[in-house]
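# Here's my sequence, what's the structure:
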Amino acid sequence: MTSIFVNIPTNDLERSVAFYRALGCAINPNFTDENAACVVWSHDIFFMVLRREFFATFTDKPIGEPKEWAQVSLSFTRDSRADVDAIVEAGVAAGGTEPHPAQDYGFMYSRDLDDPDGNSLGFLYMDPVAAEQGPPAETA
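Reported below is the predicted structural model:
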């Protein structure tokens with residue numbers, strides 16, 4: 001079994017914690033302190049939201065500004081189009097921004113959300129048949 005821990009920088013740890021809680025994520029107190037918060041998406045997926053200065057201790061590379069440069073965009077599947085809409089709307093209400101309109105390809109529906117620091121998140125619903133067999137020929 002593999003778990004994924006995604007490290008992302010923040011300028012305001014408390015704001016980030018509130019934002020991710022508004023999306024329905026839990027915070028694991030065992031890995032949360034004044035420098036970092038462990039955001040629990042699922043049993044195997046976690047964000048380590050790190051204060052910028054603390055994030056910098058893990059690399060010799062410069063830390064990009066997420067509002068200006070895209071380094072990674074993470075996408076999460078949801079159980080329905082309504083679930084996609086609900087999580088993006090909760091994120092916008094909690095201080096995030098939706099960088100562009102929803103994308104509806106018929107077999108797949110997606111919306112993007114930037115957290116208050118500019119880290120990019122995608123949420124999508126894909127028709128189960130398309131997920132198993134690939135998109136319909138007319139959209140491939």
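# any low-confidence regions in this structure?
Applying pLDDT under 70 to the chain flags the ranges 1, 137-140.
# Domain boundaries for the protein, per the record?
In the assignment given by automatic domain parsing, the structural domains of the chain cover 1-57, 70-140.
# okay if I get those as a markdown table plus distance to residue 64?
(Each C-beta comes from the backbone N, C-alpha and C, glycine too.) Output for the domains of the chain, formatted as a markdown table (distance: least, Cβ to Cβ, whole Å):
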| stretch | distance to residue 64 |
| --- | --- |
| domain 1-57 | 8 |
| domain 70-140 | 5 |
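# Which other helices and strands does the strand or helix carrying residue 38 contact?
Under the criterion of DSSP states H and E, residue 38 resides in strand 36-40. Here strand 36-40 touches helix 13-22, strand 26-28, strand 45-51, going by 3 or more Cβ pairs under 8 Å, 6 or more residues apart in numbering; DSSP states H and E.
# how big is the angle separating the last one from strand 36-40?
With axes from the mean of the first three to the mean of the last three Cα atoms, to 10 degrees applied, the angle from strand 45-51 to strand 36-40 works out at 160 degrees.
# what comes up buried for strand 45-51?
Neighbour counts over strand 45-51 (16 or more other Cβ atoms under 10 Å) mark 46-51 as buried.
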